[in-house]
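Enquirer: Quick check, what structure comes out for this input:
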Amino acid sequence: MTSGPLSGIRVVVTRPRRQTAPLVDALEAVGATAVAVPVIDIVDPVDGGVALVAALGSLGPGDWLVLTSPNGAARIDSSLVTAGVLVACVGPATKASAEAAGLSVDLVPARSIAEGLIEVFPGVPANGGRVVLARAETARSVLPDELRAAGWTVEDVTAYRTVGVAVDESGREVCRSADAVAFTSGSTVTHLVDEVGVLGLPPVAATIGPATSEVARELEVELDVEAQVHTIAGLVAALVDHFRDRVVIHTEDAASADAQWCLEQYFADIEERFETGLDRGAVLTSDPHEVSPPNGLFLVARLDGRPVGCGCLKLVSPEVADIKRMWLDPSVRGRGLGRGLLDRLVTESRRLGLRRVQLETNEALTEAIALYRRAGFVEVEPFNDEPHAHHWFALDLS
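Expert: Next up, the predicted model:
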């Protein structure tokens, strides 16, 4: 079986393609499946950087160069920065990028947002002082506004531009099937929503901090997670906290180790509960290919990365599917997960355009029989010759 607190959790990473590795690696280190769907790219300013070069040349000893992102820091030619110019970075990732560019960093706030930098930024010298703010073409105004209000002469210069990247159908499908999306900037939120719409997002949306969250809320994205520490590590930690003790259900390869483990638990469980035991040789099979697209699908439920349940659909005609192999670990029974698993199978059936789902069960599984009836299934005449079945149920989806 897989391991890690986010095992089985699929997270969409929206960063530029050349910058996905840090977040992907951090997510995979805790067991998640990270899937890159880049929605932005970082390009040069329209003027090719002429204004940035001129702005750097205007700074003298005691003046400040302020960098708000690794992208801006990476575009600084340290040879153009006069000795004695002070450098401020909004967060540790920006600091690392600035140092990689050959700059010596003098100030990094504890809170990795513009407001955090404003809180710790020094006062203006008696003879005045200049600040060059090198950042994206489109950015929040709070930093230059507050620095000017404090008496600094501020030149807000474009160091780079963020442009949207089209999301193809495979990327849309990734978003539909994922459990969460990780947003690391307001532009990633804007461009993903532009491409797939709010309804096309995964069910859980996570942001790296309040500035990104503000953009998400403006776009009516329902937020579930906001990192308290506004870094990649903080974002991953916030996702781990969110999914802790939370059951997650999604489709999976029926031949995977976790799916096969769940099936073994299913058979062991019903063999113990059936009054006559279980004749494995007589059971109507659900081999992996029979419950995998296009013949069906397999669901695995996980808690803290541990598989705790399963269920599958097996198509018997273009309009009808059998619900098979529904099982829950005893440790999670009584939490409503059975209804959640059944509802998900019904939802997937509707998505596949089916008109009917059906299932059979043994008389010993009284709680399952009650669940099916509560969910609207009605008892019908036998539709197969399953030797261990006493009851047959169906739900009309038309």
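
Enquirer: Every contact and neighbour count from this point should use C-alpha atoms.
Expert: OK.

Enquirer: Which secondary structure state does Ser97 sit in?
Expert: At Ser97 the chain is in helix, as set by DSSP: H, G, I helix; E, B strand; the rest coil.

Enquirer: How about it, nearest residue that isn't a chain neighbour?
Expert: Counting by Cα to Cα, 6 or more residues apart in numbering, Pro70 is the residue found nearest to Ser97 once chain neighbours are left out, at 5.2 Å.

Enquirer: quick one: contacts for the one you found?
Expert: Pro70 is in contact with 93-98, counting by Cα atoms under 8 Å, 6 or more residues apart in numbering.

Enquirer: again with Trp64
Expert: 85-88, 130-132.

Enquirer: shaky segments in this protein?
Expert: 1-2, 277-286 (pLDDT under 70).

Enquirer: Domain map for it?
Expert: Following automatic domain parsing, the chain resolves into domains at 10-39+165-243, 45-161, 247-396.

Enquirer: now for whichever strand or helix holds Ile42, which elements pack on it?
Expert: If you go by DSSP states H and E, Ile42 is part of strand 40-43. With contacts taken as 3 or more Cα pairs under 8 Å, 6 or more residues apart in numbering; DSSP states H and E, strand 40-43 sits against strand 153-164, helix 186-196.

Enquirer: hang on, the earlier thing: strands - which of the contacts of Trp64 land there?
Expert: Judged by DSSP state E, the subset of these located in strands is 86-88, 130-132.

Enquirer: if we can go back for a sec, tell me which of the contacts of Trp64 is nearest to Asp253?
Expert: Here the nearest of these to Asp253, counting by Cα to Cα, is Ala88; it sits at 48.5 Å.

Enquirer: do you know how far the closest one is from Val229?
Expert: Remark: distance between Ala88 and Val229 (Cα to Cα, to the nearest Å) = 19 Å.

Enquirer: okay, these two: which has more neighbours?
Expert: Neighbour tally, Ala88 and Val229, criterion other Cα atoms under 10 Å: the higher count belongs to Ala88, 22 against 17.

Enquirer: And for stretch 323-339, what's in contact with it?
Expert: 247, 262-263, 265-266, 286, 308-314, 345, 357-359, 371, 375.

Enquirer: where does Gly72 land in three-state SS?
Expert: helix.

Enquirer: Might one say that it is in contact with Val132?
Expert: No. The criterion here is Cα atoms under 8 Å, and Gly72 misses it with Val132 at 11.8 Å.

Enquirer: Can you check which residues contact both of these two?
Expert: Counting by Cα under 8 Å, 6+ apart, nothing touches both Gly72 and Val132.

Enquirer: Which two of the ones in strands among the contacts of Trp64 have the greatest separation?
Expert: Ala88 and Arg130 (12.9 Å).

Enquirer: about what we covered before: looking at the contacts of Trp64, state which has the most neighbours.
Expert: Neighbour-wise, those (other Cα under 10 Å) top out at Val131, 25 neighbours.

Enquirer: What about this protein, which residue is the most distant from its middle?
Expert: The centre of the chain is farthest from one residue, Asn127, which by Cα atoms, centre = their mean lies 49.4 Å away.

Enquirer: Just the buried ones among the contacts of stretch 323-339, please.
Expert: Those of the contacts of stretch 323-339 that meet the buried threshold are 247, 262-263, 265-266, 286, 308-314, 345, 357-359, by 16 or more other Cα atoms under 10 Å.

Enquirer: didn't Glu252 look like it was pressed against Phe298?
Expert: Yes. Glu252 lies in contact with Phe298 (Cα under 8 Å); the separation is 5.7 Å.

Enquirer: could you pull out the strands for the stretch 201-350 of the chain?
Expert: Secondary structure of the stretch 201-350 of the chain (DSSP state E, counting those that start in this stretch): strands located at 204-207, 225-226, 247-251, 296-303, 306-317, 320-328.

Enquirer: Save these as a markdown table, and put in distance to Leu397 too.
Expert: Output for these, formatted as a markdown table (distance: least, Cα to Cα, whole Å):
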| stretch | distance to Leu397 |
| --- | --- |
| strand 204-207 | 27 |
| strand 225-226 | 35 |
| strand 247-251 | 21 |
| strand 296-303 | 17 |
| strand 306-317 | 14 |
| strand 320-328 | 10 |
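
Enquirer: and Ala110, which of these is closest to it?
Expert: Here strand 225-226 is closest among the strands of the stretch 201-350 of the chain (Cα to Cα), at 16.8 Å.

Enquirer: Counting by contacts, list what that closest one packs against.
Expert: Short answer (3+ Cα pairs under 8 Å, 6+ apart): strand 225-226 packs on strand 204-207, helix 232-243.

Enquirer: ranking those by burial, who's on top?
Expert: Comparing the helices and strands packed on strand 225-226 on average neighbours per residue, with mean count of other Cα atoms under 10 Å, the densest one is strand 204-207 at a mean of 24.
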